[in-house]
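J.: Show me the folded form of this:
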Amino acid sequence: MHTLFPVQNSAQNSRLDATPEPDIEAIQWSLISHLVECFLLEQWVDEHLIQVTTTTEYLANHQTSQPQDAHQFLASLPQQYQDFFDQDNPLMVMKIDQERQLLLLVEPAYASPWRLSKFCLPVIYNVNLSLNSNLNSILNNSHHVDSALLEPVSLAQQLLDIFLSMMDSTALSDVGVLKLKESLEASFIAQQQSATANITTTVCQYPHWHQTLIAAEQWASLMDRPFHPLAKGKLGFTVTDYERYMAEFNQPIKLVWVAIAKSHVMVADHVKDATTQNPATYLLDTTQQQSLMRELDDKGIADTHIAMPVHPWQMTHVIDDMYADDLANGTVVALKFDALITYASSSMRSMLIDTDTPNSIKLPIGVYALNSKRYLPALKLINGEKNQAILMQARTLDSDLSSQLRLWDERLWWGYMSPSHLHDKSAINPYFYQEKPTHLGAMLRQLPADLCDDSIRLFPMASLGMLVYKQGVSYHVFDDIVQEGIHSTTQNSSQNSAQDSFQEGSPQNKKPAVIACFKNLCDVFLDTMLHCLRLGFAPEMHGQNIVIVLKDNHFTSLLLRDHDSVRIHLPWLARHHILDPEYLSPPDFKNRLYRETPKALIFYLQSLGLLVNIRAIIESLVEHYHINEDALWHEAMISIEESLVTINFDDDQRQVLRDELLNASHYPHKTLLLPVIARGSDPHGSMPAGESKTINPFKRVKNSG
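T.: Purely as a prediction, here's the structure:
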C-alpha cells in the first residue's frame, strides 16, 4: 500500500552510519495522488471526458464474451491491479485522446468525491492495440512501455503532461506551464531529500519547551502544506541549500548581520526608540550585544546605523546584488558579527532560537515557495499590526477567546525604506509596491511569557498531520501524548501490569485514547475559530500558522502567528463595535482581507481549517492507528454541533454557520495548480489560488450514520 507521507528505506549500504534511502515509489505516488485531486477538483477538463463506472462493468464493455479475456487483458499488470479489478471497485475513466484512456482506480473520499486507491497507480489503456499482440509481446519478453496495452503511470511529471494534453492549449500560459513543471520537479527532488532527514521520533520527551517546538517544526516541514503537489519545491535553493536551510534537517543557521543607516529604516509604530528597540536588543544575549556594539563602534556607525539580521542565503543571493549601491556608499554596511545561531521553522523564513526566550524573528528570503516570493513588505507588516489590534480587542470581548486564543506579538518590525518616504505609512507610498524594500527587514515575534514554560508543549498543527516513517515503522506525535496521558491516569492504579502490556502494544491498541485526544484537539481548534467568526474575523487557519498548546497532556489553547492574513467581515465586526482597520492596499484595489459576505468569511474555516488542517490530522491518524476515518470526521462534526449550541451567536449567524458547515452539500475548495499557470512569471508575494467546490466532508458522515 502507498502512503502520502515521506518514507525512509534502509540504506543500500548496510553500515550503521549510512544515509537512509528515500522511497521513490512512495514519493511519486504521493505527488500523483495530489495531482489527481487537483485535476478533478479544479475541473481542468469538461466533465463529459470523465466517466465513473466499476471495474466489472468496464471489463464487460471492453472485452469479448469469453471470460478468460478479462484475465488476459490484465495479465501485464502487477497482481494488486488484478485484485482491484476482481473485487468490482469504482473506476474512473478519462479520455486522453482518440488512442488512449486513463484509468484511475479510485475509492470514495471525504474531502473530495473520489481519491486514488492507495494500492494502484493510474493506468493508460492504449485502446487501439490488439489484445493478442500485447500478449505476444509479453510472452516474447519484448514488452515495451510505449507499446503496452495497459501501462501504469509511475511518474508525476508524466501524469501532468497527460492532464495538460487534455486541456485547450490556447487557454494555457506557456510561461505558467513551464513554471508549474519546474515547481513539480523541484518538489519531487525536495521530497527525496526530506525523506532522508534524521527526524526525532520522540517530540514530547525533550526537557525544555523550546526544544519541543523546534522538533515539532521539523515534523511540520516534512510535508509543508499537505495536499499541495508543489509545496516542497523551493525555487532558488540548490540541493545543498535545501539541506542547510529547511527545518527537517535541524541544522544550526548562523544569521549574518548588516547595519542600515537610520535614514533608511522604517519602523513599526511600537518602536519608539530604535536605539533601545532594535533586533539585537531582543535577540542577543549581553555578551553577543557587546560584541556587536564593538564592531559598530570600530566602524564609527554605532549612532547612525541599526544592526539587522539577514538570512545567509538572502545575503549571498539578493542583498549583495540588489543593494550593491547601498553597500558601496555605506548606507548598508556588511558586518563580521555572526554569533546568533537559529533554527528554521516549517515556514523556512521564521527563525527560532534554541534557548528559553520568548523572542524569534521572521526574515525575507527571495526564494519561490508555492510560486510566490517570500518577501517581507512593509505594507503587509502594517496590516498585520492592524489585525493584531483586532485580535487583542477580541480577547477582551469574549472570555472564551481570552483563554483559548493566544497571540504571538508581531508589532515590532524594521525595514529598508527610501528616506523620502520613511514616515509615509499611507497606501500611496510608492515604495510599498517596489520589490527592493521588501528584501531587507525583520519582524520580531514574542511569545506570551506564560507559554515559555517547561510544563507547556507547543505544536504547529501541521506537525500533527504528519507521520515519520523509518525502516518500515511509522511514528506520530500523538504517540507520546497518548502514552503519557494513559500513564498519568493509571500510574496509581492496581492495573499497572495490564497497562504496561497495553503501552507496549501496537498503535492500533490505543484507538480509544487517540480518538479522545483528537476530539480534545477539535474542541479547542474549532470552538476557538467559531468564536472568532462570531466576532467577524477569520484567522489564518493553516497548520503552519496555528500552534496548539498542550498542558498536562491536554490541548488548552491556540497560538496564532502571521496576523497579516486575518480576514474580516465588517458587518459582523460592527456588531461588537470593532472598527474598520482600514487596511492598506494599492490605490483602486480592494484589499482581499475584506470579505463581503458571511459565506466568504466561513470559506476559510471550510477550506484551510477543515479540508487542509483537520483533514491532514485525520488522514495521518487513520494510517498510523488504523482508526475508521468516519469516526474521526464524526468527532469533528460533533465539536462543531456542540459549539453552535454553546456559543452566543446571533440567530442569523448560527443559521448560516449551520447551513454552510453542516447542511450544505458542497464546500468551497481552494484551487492550487491552475492559478500557477495563470500567474505565469509574475513574482507576486502571495500564493496563487482560486476557488472551486468539493463535497461537504460531513455529508458522507451523516449518510453513513
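
J.: hey, let's count contacts and neighbours off CA atoms from now on
T.: Noted.

J.: chain center to stretch 115-123: distance?
T.: Distance of stretch 115-123 from its chain centroid, counting by C-alpha atoms, centre = their mean, to the nearest Å, is 23 Å.

J.: Going by neighbour count, list what's buried in that stretch.
T.: 115-118, 120-123 (16 or more other C-alpha atoms under 10 Å).

J.: what does stretch 594-608 give?
T.: Residues of stretch 594-608 classed as buried by neighbour count (16+ other C-alpha under 10 Å): 594-595, 598-599, 601-608.

J.: Which one of the buried residues of stretch 115-123 is nearest to P6?
T.: Closest approach to P6 among the buried residues of stretch 115-123 (C-alpha to C-alpha): K118, at 14.3 Å.

J.: Starting from L352, give me the distance back to that closest one.
T.: Applying C-alpha to C-alpha, to the nearest Å, one obtains 37 Å for the distance of K118 from L352.

J.: coming back round to it: so of the buried residues of stretch 594-608, which ones are in helices?
T.: 598-599, 601-604 (DSSP state H).

J.: Among those residues, which one sits closest to H305?
T.: H305 lies nearest to Y604 out of these, by C-alpha to C-alpha, at 41.9 Å.

J.: Relative to R700, how far out is the closest residue to L661 other than its chain neighbours?
T.: Using C-alpha to C-alpha, 6 or more residues apart in numbering and skipping residues adjacent in sequence, the residue nearest L661 is Q606, 7.1 Å away. Taking C-alpha to C-alpha as the measure, Q606 falls 16 Å from R700.

J.: Likewise for L662?
T.: Separation of L662 from R700 (C-alpha to C-alpha) stands at 11 Å.

J.: L296 now?
T.: 64 Å.

J.: Following the chain past the longest helix belonging to the chain, name the next helix or strand.
T.: Ranked by number of residues, the top helix in the chain under DSSP H is helix 511-535. Counting by DSSP states H and E, the next helix or strand C-terminal to helix 511-535 is strand 537-538.

J.: Show me what that next one is in contact with.
T.: Residues outside strand 537-538 that contact it (C-alpha atoms under 8 Å, 6 or more residues apart in numbering): 529, 532, 566-569, 573, 601-602, 604-605.

J.: now stretch 418-438
T.: Identification of contacts with stretch 418-438 by C-alpha under 8 Å, 6+ apart yields 263-266, 322, 364, 375-379, 415-417, 584-587.

J.: how about the helices in the stretch 1-150 of the chain?
T.: Assignment of helices within the stretch 1-150 of the chain using DSSP state H, counting those that start in this stretch yields the ranges 24-41, 55-62, 68-73, 79-86, 131-139.

J.: could those go into TSV alongside distance to C517, mean pLDDT and mean neighbour count?
T.: Compiled in TSV, the helices of the stretch 1-150 of the chain are given as follows (distance: least, C-alpha to C-alpha, whole Å; pLDDT from 0 to 100; neighbours: other C-alpha atoms under 10 Å):
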stretch	distance to C517	mean pLDDT	mean neighbour count
helix 24-41	27	95	22
helix 55-62	39	88	15
helix 68-73	47	72	15
helix 79-86	35	92	15
helix 131-139	52	52	15
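
J.: any chance of the ones you listed in JSON lines, plus distance to L621?
T.: JSON lines is the format used below for the helices of the stretch 1-150 of the chain (distance: least, C-alpha to C-alpha, whole Å):
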{"stretch": "helix 24-41", "distance to L621": "17"}
{"stretch": "helix 55-62", "distance to L621": "30"}
{"stretch": "helix 68-73", "distance to L621": "37"}
{"stretch": "helix 79-86", "distance to L621": "24"}
{"stretch": "helix 131-139", "distance to L621": "41"}
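
J.: And those helices: which comes nearest Y343?
T.: When those are ranked by proximity to Y343, the top entry is helix 24-41, at 25.9 Å, counting by C-alpha to C-alpha.

J.: mind checking which helix or strand F459 is in?
T.: With the criterion set as DSSP H and E, the secondary-structure element containing F459 is strand 456-460.

J.: Skip ahead from that strand and say which helix or strand is next.
T.: Read in the C-terminal direction, the helix or strand following strand 456-460 is strand 468-470, with elements assigned using DSSP H and E.

J.: So T694 lies in a helix, does it not?
T.: No: using DSSP: H, G, I helix; E, B strand; the rest coil, the assignment for T694 is strand, not a helix.

J.: can you give me the helices in the stretch 301-450 of the chain?
T.: For the stretch 301-450 of the chain, the helices identified by DSSP H, counting those that start in this stretch occupy 312-314, 320-322, 324-329, 378-397, 399-404, in order along the chain.

J.: how close does F249 get to F39?
T.: 32 Å.

J.: which strand residues sit across from the closest residue to Q404 other than its chain neighbours in the sheet?
T.: Spatially, and ignoring its direct neighbours in sequence, Q404 is nearest to S557 (4.2 Å; C-alpha to C-alpha, 6+ apart). On the basis of DSSP bridges, S557 is bridged to V549.

J.: Let me have the contacts of strand 537-538 in a markdown table, adding distance to K519 and pLDDT as columns.
T.: Putting the contacts of strand 537-538 into a markdown table (distance: C-alpha to C-alpha, whole Å; pLDDT from 0 to 100) gives the following:
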| residue | distance to K519 | pLDDT |
| --- | --- | --- |
| M529 | 15 | 98 |
| C532 | 20 | 98 |
| V566 | 25 | 97 |
| R567 | 26 | 98 |
| I568 | 28 | 98 |
| H569 | 29 | 98 |
| L573 | 29 | 98 |
| L601 | 24 | 98 |
| I602 | 21 | 98 |
| Y604 | 21 | 96 |
| L605 | 17 | 98 |
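
J.: Pick the one among those closest to S291.
T.: Taking C-alpha to C-alpha as the measure, V566 is the one of the contacts of strand 537-538 closest to S291, at 39.1 Å.

J.: Look up the pLDDT of the residue nearest to L661 for me, please.
T.: The score at Q606 is 97. That number is its pLDDT.

J.: Run through the residues that contact it.
T.: By C-alpha under 8 Å, 6+ apart, the contact list for Q606 reads 661, 667-668.

J.: do L230 as well
T.: Under the criterion of C-alpha under 8 Å, 6+ apart, the contact partners of L230 comprise 183-184, 186-187, 370.

J.: L644 too?
T.: For L644, the set of contacting residues under the criterion of C-alpha under 8 Å, 6+ apart consists of 654, 657-658.

J.: Of those residues, just say which sits nearest to L335.
T.: Minimum distance to L335 across the contacts of L644 is 54.1 Å, recorded for L657 (C-alpha to C-alpha).

J.: secondary structure class for the closest one?
T.: Reduced to three states with three-state DSSP, the structure at L657 is helix.
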